[in-house]
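# let's see this in three dimensions:
(2 chains)
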Amino acid sequence: MSSRITSVVILALILALVIACAPAPTPAPTAAPPTAAPKPTEAPLNFAGKTLNVSFFAFNVDLINKNINQPFEKKYGAKIVYDTGNNADRLAKLVARKDNPNIDVVAFSTEFLLRAVQAGVIQPYDPAKIKNLDQLYDWAKDPLGNKMGVGYTISGYTMFYREDKVKEPLTSWKDLWRPELKGYISLPDITTTNGPATIALIAKAWGGDLNNDQVAWDKLAELKPSLITAYKNSAELITLVQQDEVWASGYSTFAWGNLLNTKKPLKSVVPKEGLVGFVNTLSVVKGTPNAELAQAYIDFMISQEIQLAEALDLVDSPANKNVKVPADIAAKLTYGDDMIKSLIFLSDQQIADKRQGWIDRWNKLMAK
Amino acid sequence: MRQLFQTRTLLLLITPALLFLALFFLLPLVFVLADSVRDPGGLTLQRYGDFLAQDQTRSVYFRTLQLGVIVTGLAALMGYPAAYLIARMPANRRALAMSLVILPLLTNPVARTYAWLVILGRNGFFNQTMVGLGLIAEPIRIIYTENAIVIGLLQLFLPLMVLTLVSAMENIPTDVEEAARSLGAGGLQTFLRVILPLSADGLVLGGTLVFTGSITAYVTPAILGGTRVLMLATLLQQRAIALLDWSGATIIAVVMILTTLLINALLRQLRPRSA
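Predicted coordinates:
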C-alpha cells in the first residue's frame, strides 16, 4: 500500500517534470474562419484554394489573424499556415528540408538570412513581382544584396539609464565607464543578437571599428567589475531593472514597452555613436512550388495598409516610407525622420566572420 | 510450461516500452555518437581531444562536475533525514508530506529561476533581511556566483532525492530496527549497519538523478550564473544556438552522457554489498 502511494507520487512527479520542462506550446494562429469567396475582380492574382507556408517569429501571434491572415485570404483567396520559432530553430528546419522544402516564405533577421543564403536555402525575389518595393526605405529594399530578402520591419539597439540615479545624461557609450555606474551596468551577452553590436559600438566609442576591435576588448576588461551580469534575453534585463540592479544598459527598442512597465524612471537615448538598426526580412525559399504566391505575400506584407496596421498595434516598426502614425505610437517605434537618420547598419558578413572568435574572447574575459 | 508462459507475458508487457526507448532514445543516441567520431577521412577522436585540450572547455567541465558533486552531496545530506521521517509517518500524513515535497516542482522552471533574482539580489529579500537583522553590514553578492547555482539546483533536485529515498525506506520493515536494537545495537550502529545498507539503492538512484540533472540543467545555471559562471549546458547552448556549431555541441552532449554513465557506475560500486 505504502509503496503504491510512493509510486503514484513519483509518477505524478515525473509527469509534472515532463510537462514543466516541455517548451511552452506556441499558440498556433488559428485558421481564418471561411470568408465569402473572393471576388476575382478584387484580386488580379487569384490563388484560391492554395496554402502558403510561412516560417515566422512567434511574437504577437494573436494579432496576426486580424492584421494579416484575414485580409490576405480575402485578397488572394489563399490560406496562410505558420511555422513559428526563433531564427536558429527555423533555419535548422529549412536546412533539414533543403531538397524537399515545406516552407514557401521565411522571415529572418539579416544575420540569419545571411546564414540561410550561405546554406543555399533561399532564392532571389523578382522585383517585378513585388510592386510595393519602391515605397520602402533604402535599408529595406535589398539589405543583403543579390535580392535575397526584403526588409519588412526594423528595430533599434541603443541605451537607457535611470534618470534618478544618473546625474548627467548619458550621451555616449563611453559614459558607461563613469565610476558612479560601477556595479549597476548590464550589457547583452555576446551570444545574443545585440552582443556583437555592443562590441562594435564600444570599439567605435573609443576610436576603433569592426576591424580594429582590440580597443573594445581592452575597455571591456576595464568595465568588467562594473557589470553585474550580461543578460541573455530581454526578460532577464527587465527583471534586473525591476529589482534596481541595473541603472544603465544597452537594449533593443523592441523591449521598451516592457521596460517602461517596471515603472522606474528610465530614459532612452540615442548616443553619439548612433542607433544600430536591425532589419527583419522576408525571403522566398529555394525550390518552393509557390514562388508566385510567396512574392504576392511579401508584396502584401510591405504594403502601406498592412504596415500601418502592424505599426498601430505596436507589433512592427514600418519599413514602408508612406506609413504615417500618430505621435504617441511613433514614440514607441523605430520611426520618424530623426531616428531613421541616426540609424547605422553593421555588416552581417563581418560580424559572422568575427562571431566565433568574439565568443571565445568574451568567455575568456568574462567567465571563470 | 507455466514458467514459459510467464516469461512470454513478461516480454509482451515490456515490449512497448523497449520499442519506444529503442526508437526515440537509443537510435538517436547512436546517430549522435557516430556523428561525433565521423570524419571525412574515416573515424577520429580528434574532437574529443580538442575538447579536453582547451583550457576553457576543460575548466568548464571540471566546474560542472564539481557543482554536480556538491549539489548531490548536499541533497543526500538534507534529503536523508527528511525521507526517513516521511517514511515512518502513517500513510495519510505521508501522502500529504509527499505532496508538499513535490510542490516546488510544479511551478514553471523559468518563473522559479527568476524568482531567485528577487530573493538573492542585492536588494532582494535575503540581503534586506540580513541587513535588517544587523547580521551583515551591506548586501553581499550571491546572484551570478557558483553559490547561486548550487542553491538553485538544490531547490530543483532535492525533491527527487527525497522521493527516491522515501520509496527505498518504505520497504524497510520497522521490525528490522527493533530487532537490531534488541540484539544490542546502538542508534548509530543500527543506522550504519542496518538502515543505511538497506536504503543504499535509494541513495544510488537518487544520487544519479540529482547528479545527472545538475550537470545537464540549462535554465538555472544560465540565469543564476549569468555570464560569469559557464557550465557544460550553457557552453552547449552557445555552440548550438549562437554558432550553429552542431559538431561542437554534439561533443559536449556526448561528454555529458558518458559522465552520467560513469558516475552511475561509480555510485553502484560504492553501494555496500547486501548480504
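# what is the one helix or strand B:Leu203 maps to packed up against?
Using DSSP states H and E, B:Leu203 falls within helix B:196-216. Contacts defined by 3 or more CB pairs under 8 Å, 6 or more residues apart in numbering or on different chains; DSSP states H and E place helix B:196-216 against helix B:55-87, helix B:146-170, helix B:232-237, helix B:246-270. Every residue, glycine included, has its C-beta placed from N, CA and C.
# so how far is the following helix or strand past the second one from its chain's centroid?
Elements were assigned by DSSP H and E; along the chain past helix B:146-170, the next helix or strand is helix B:174-182. The offset between the C-alpha centroid of helix B:174-182 and the centroid of the whole chain comes to 32 Å, using CA atoms, centre = their mean, to the nearest Å.
# which one of the helices and strands packed on helix B:196-216 lies closest to chain A?
helix B:146-170 (4.1 Å; CB to the nearest CB).
# strands of the stretch 1-150 of chain A, residue ranges please.
Assigned by DSSP state E, counting those that start in this stretch, the stretch 1-150 of chain A shows strands spanning A:51-56, A:79-84, A:105-109, A:122-123, A:150-162.
# so for the helix or strand following the last one, mean pLDDT?
This means strand A:150-162. Later in the chain than strand A:150-162, the nearest helix or strand by DSSP H and E is strand A:185-188. The average pLDDT for strand A:185-188 rounds to 96.
# give the buried residues for the helix holding B:Leu203.
B:197-216 (16 or more other CB atoms under 10 Å in any protein chain shown).
# wait, which of the helices and strands packed on helix B:196-216 is closest to A:Ile238?
Taking CB to CB, helix B:146-170 is the member of these nearest to A:Ile238, at 19.1 Å.
# the helix or strand containing A:Ala203: how far from the chain's middle?
Per DSSP H and E: A:Ala203 is located in helix A:194-205. Offset of helix A:194-205 from its chain centre (CA atoms, centre = their mean): 18 Å.
# again with stretch A:140-160
Offset of stretch A:140-160 from its chain centre (CA atoms, centre = their mean): 10 Å.
# got it, and stretch B:56-67?
For stretch B:56-67, the distance to the chain centre is 16 Å (CA atoms, centre = their mean).
# check whether it contacts chain A.
Yes: counting by CB under 8 Å from any CB of the partner chain, chain A is contacted by stretch B:56-67 at B:Gln56, B:Ser59, B:Val60, B:Arg63.
# what about those residues, which one has the most neighbours?
B:Val60 (24 neighbours; other CB atoms under 10 Å in any protein chain shown).
# now do the contacts for that one.
A:Ala367, B:Leu230, B:Met231, B:Leu232, B:Leu235 (CB atoms under 8 Å, 6 or more residues apart in numbering or on different chains).
# and B:Ser36, how far is that from chain A?
18 Å (CB to the nearest CB, to the nearest Å).
# what of B:Val101?
On the measure of CB to the nearest CB, B:Val101 and chain A end up 8 Å apart.
# list the buried residues for whichever strand or helix holds that residue?
Using DSSP H and E, B:Val101 falls within helix B:91-102. Neighbour counts over helix B:91-102 (16+ other CB under 10 Å) mark B:Arg94, B:Ala95, B:Ala97, B:Met98, B:Val101, B:Ile102 as buried.
# and if you look at stretch B:222-237?
B:222-237.
# any weak-confidence spans in the stretch 151-275 of chain B?
For the stretch 151-275 of chain B, the stretches flagged by pLDDT under 70 are B:272-275.
# got the residues of it near chain A?
Within the stretch 151-275 of chain B, the positions lying close to chain A (CB under 8 Å from any CB) are B:159-160, B:163-164, B:166-167, B:170-171, B:222-223, B:226-230, B:237-238, B:240-245.
# so what does the closest residue to A:Lys147 other than its chain neighbours have for phi and psi?
Nearest residue to A:Lys147, sequence neighbours excluded (CB to CB, 6 or more residues apart in numbering or on different chains): A:Pro124, at 4.0 Å. Dihedral angles of A:Pro124 (phi, psi; degrees, to the nearest 10) stand at phi -70, psi 150.
# these two touch, right, A:Pro124 and A:Met148?
Yes: A:Pro124 is in contact with A:Met148 according to CB atoms under 8 Å; the separation is 6.0 Å.
# these two: which is more packed in?
A:Met148 (21 against 15).
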